[in-house]
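Undergrad: no sequence for this one, just the structure:
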């Protein structure tokens with residue numbers, strides 16, 4: 001793991017981002033804000049705000065109320081649902 005200052009990071013961003021992309025630990029330290037671990041965003045990472053998440057949950061609840069959901073009570077129900085995807 002490499003620990004760097006914010007000044008060093010600003011001067012060598014490509015170098016440190018490349019190191020993080022290859023899996024090496026990179027920690028950025030600042031006097032006023034503390035320390036941050038730099039990690040790449042992966043394909044399976046979810047990037048949304050709390051508001052977006054709550055909006056999606058609310059939409060799902062509304063769809064269930066409108067009868068647009070699926071009830072899975074048995075293994076067979078689950079298999080039918082998975083086969084339909």
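TA: Sure thing, it's come through. Bear in mind the structure is a predicted one, so any value in this text is a computation, not a measurement.
Undergrad: For the protein, which segments count as strands?
TA: Taking DSSP state E to define them, one finds strands in the chain at 2-5, 26-30, 34-38.
Undergrad: Check those for me and report the most buried one.
TA: Of all the strands of the chain, strand 26-30 has the most neighbours on average by mean count of other CB atoms under 10 Å, namely a mean of 16. Where C-beta positions appear, they are placed from N, C-alpha and C, glycine not excepted.
Undergrad: per-residue confidence at the residue of the chain most remote from its centre?
TA: Relative to the centre of the chain, and counting by CA atoms, centre = their mean, the farthest-placed residue is residue 76 at 32.3 Å. pLDDT for residue 76: 93.
Undergrad: Give me the contacts around the helix ranked longest in the chain.
TA: Ordering each helix of the chain by length in residues (DSSP state H) puts helix 50-65 first. Residues outside helix 50-65 that contact it (CB atoms under 8 Å, 6 or more residues apart in numbering): 48, 69.
Undergrad: Now with 10 Å, please.
TA: By CB atoms under 10 Å, 6 or more residues apart in numbering, the residues outside helix 50-65 that reach it are 46, 48, 49, 68, 69, 70, 71.
Undergrad: what do you get for stretch 26-46?
TA: Stretch 26-46 is contacted from outside by 1-10, 13, 15-25, 47, 52-53, using CB under 10 Å, 6+ apart.
Undergrad: right, and the strands of the chain - which one's nearest residue 83?
TA: Nearest to residue 83, of all those, is strand 34-38, at 41.5 Å by CB to CB.
Undergrad: average pLDDT across that closest one?
TA: 96.
Undergrad: Would you check how far apart residue 45 and residue 39 are?
TA: 9 Å (CB to CB, to the nearest Å).
Undergrad: between those two, which one's more packed in?
TA: residue 39 (12 against 8; other CB atoms under 10 Å).
Undergrad: Kindly list the main-chain dihedrals of the more buried one?
TA: phi -130, psi 150 (degrees, to the nearest 10).
Undergrad: Bridged to residue 30, which residues?
TA: residue 34 (DSSP bridges).
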